[in-house]
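Asks: this is the structure alone, sequence omitted:
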């Protein structure tokens, strides 16, 4: 399991989905969560960077867990997710300022993602408001964008949640290039 | 910015107010820093050579932010010459007396001289009254609190010494609204001065507005975001209190057990924050605090993590109810639980008595608070106790102050912080657990030695200025100095850069060192007890001295003194 954290963290960092100390990820194991340590570098994780804590309640290890643990717990409680990947994909974050959803127009994005809701909250980091709102969206969507902050993607495996995020950033780049080319991309999705 | 110091003379039963020069406020802020600086004004060379506890001045000081809307700024500080360590000493307290002093237009109090008979002092906006305190003598804390409320007013804040102080226990402490000026023996000084209590009535004055309200309010909002977003300040401390650390520290094998002979306690979970949670009936917060780490059980307030360790893991006690009970006993009699636990552990080890024997431990505590029988030995603290029994090495202390709940053999930076702490082995001078365990600001290897000195110094300076501003130590777990310096600047109008702000901390730390050197301390006193001394410590210490601008004997160089504006004060006390 730890090896999977190391592998995904490094691949995601190489893709530029977050800055040196940004992002976090977790896996649900029964009533426990394995989550990255607060302030860890996902690109070069070690065993000390994976924190095991309870899914339902706090314990001593809350002092080391990711700032976003409150959101991770809420997602696990409300959805069937077994893995969560949170990152700050720069192009997609830039697009989050342009509307209340991101709708990929490329083929891969259209198949895999379809539509990404953009939600806005007063506080965006480790916030109770996010923990209350986000899980409801993730019941219907595999990835959600917090305006100006980043994405929360869910999956049955870390790799799945990572791949959805990677696809979104890829689609966001295409959307940006199309905008720069002057191609009309006003498109909604019934998804 | 103004700072009104109320000087109370117990010998003459007189008082006067003095306005502190702005230059001192700009260079030492308030709280700990200002107290240390004022100490030099209140004593002369003869005091350093032949100090008398009864004549030793005691300072209670607020900071520039006390009473403001800044979060976690409601504490106040005492500064004194410790009878236990013989060092300069400061102690922070979360009681409301600092807020109440401000409401009377008083920013700090200096207590000088000694009364011939027991006395308690009442302070309000218009007067200072000296009252006979014969009827308080020998009473438990809760009785003293009730008597003072009945006699003075229901809306008061109190600073009270317990019967342990009256009996001459060297590590007697002082209590303000059930929050403690722990460690160092401030209560002992109260006893020597025949001072039973200081009572502060609530006044009507409000804090001045910030110098730059827009900048102040903006920075406060940004600080609140960090507090809310950090799991330690928004979840761990509110839910479990400081004892959230127990299981974590034990898991990492740095929880001292049996007087530091071992580094893990098999029953740590029995005395952990998770276990304590089931005993807690409500939380308690200091003024203006959004964290609320205080615990209240049916027996009383507390215990804190350090007490759960000192009277639990270190003594082999796994019964949390027993620790809750003995914690309340220490509160009622007024003694410091860390030094008590350390001294008891030394005593048990030397005498070959069993650890974990609750009946024996309780009996020894009762003898200690009474300063009678075997308790008379323990009441001197572990250093003197061990020396008396011919086993000085058994005392787990630095500069006669007992080490707290982190075993230095597993966290080398914390070890260096203990050794170089100006008030003796203390975790709060440079909380190296932050980077070595909690990953604040980033996680570092706890067993790396090279480069640690710089980090220890950074935290020493940062904490010193935070104790002067005044911010609770827990704020530094979520918020960095660049925010704190901006808040202080916006409120005071002093316009500090972050570097200016940290420089204040360095000035305070070096000034404290100067006091200790004048009292005869040297580099020998920066060593750890042999039991916990690890290979390479002396190299870390050398690196520390160089980085601090000290010579190889641990004395600040003339260049360093001059750069901090401390050269004249150093020469003045030669």
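Replies: Yes, it's here. Please read these numbers as outputs of a predicted model, since none were measured by experiment.

Asks: the strand or helix carrying residue A:151 pairs with which strands?
Replies: For residue A:151, the enclosing helix or strand under DSSP states H and E is strand A:150-155. Paired neighbours of strand A:150-155 in the sheet (DSSP bridges): strand A:83-87 (antiparallel), strand A:143-146 (antiparallel).

Asks: so how far is chain B from residue A:172?
Replies: Distance, residue A:172 to chain B, by Cβ to the nearest Cβ, to the nearest Å: 26 Å. Glycine gets a C-beta too; all of them are placed from N, C-alpha and C.

Asks: ugh, typo on my part, it should be residue A:46
Replies: On the measure of Cβ to the nearest Cβ, residue A:46 and chain B end up 9 Å apart.

Asks: residues contacting that residue?
Replies: Counting by Cβ atoms under 8 Å, 6 or more residues apart in numbering or on different chains, residue A:46 makes contact with residue A:6.

Asks: cool, and residue B:443?
Replies: With Cβ under 8 Å, 6+ apart, residue B:443 has these contacts: A:37, A:39-40, A:48-49, B:435-436.

Asks: mind running it again at 7 Å?
Replies: By Cβ atoms under 7 Å, 6 or more residues apart in numbering or on different chains, the contact set of residue B:443 is A:37, A:39, A:48, B:435.

Asks: again with residue B:492
Replies: For residue B:492, counting by Cβ under 7 Å, 6+ apart, the contacting residues are B:1, B:64, B:211.

Asks: coming back round to it: just give me the closest of the contacts of residue B:443 to residue B:127.
Replies: Closest approach to residue B:127 among the contacts of residue B:443 (Cβ to Cβ): residue B:435, at 49.1 Å.

Asks: just put the contacts of residue B:443 in CSV and tack on secondary structure and neighbour count.
Replies: Output for the contacts of residue B:443, formatted as CSV (DSSP: H, G, I helix; E, B strand; the rest coil; neighbours: other Cβ atoms under 10 Å in any protein chain shown):
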residue, secondary structure, neighbour count
A:37, strand, 20
A:39, coil, 18
A:48, helix, 12
B:435, helix, 23
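
Asks: re earlier: okay, the strands paired with strand A:150-155, which one's buried deepest?
Replies: strand A:83-87 (a mean of 27; mean count of other Cβ atoms under 10 Å in any protein chain shown).

Asks: contacting residues around that one?
Replies: Strand A:83-87 has contacts (Cβ under 7 Å, 6+ apart) with A:12, A:17-18, A:23-27, A:68, A:72, A:75, A:150-158, A:160-162, A:165.

Asks: how far off centre is the worst-scoring helix or strand of chain B on mean pLDDT?
Replies: The helix or strand of chain B with the lowest confidence, counting by mean pLDDT, DSSP states H and E, is helix B:45-49 at a mean of 83. Between the centre of helix B:45-49 and the centre of its chain there are 25 Å (Cα atoms, centre = their mean, to the nearest Å).

Asks: cool, and stretch B:284-300?
Replies: Distance, stretch centre to chain centre, for stretch B:284-300: 18 Å (Cα atoms, centre = their mean).
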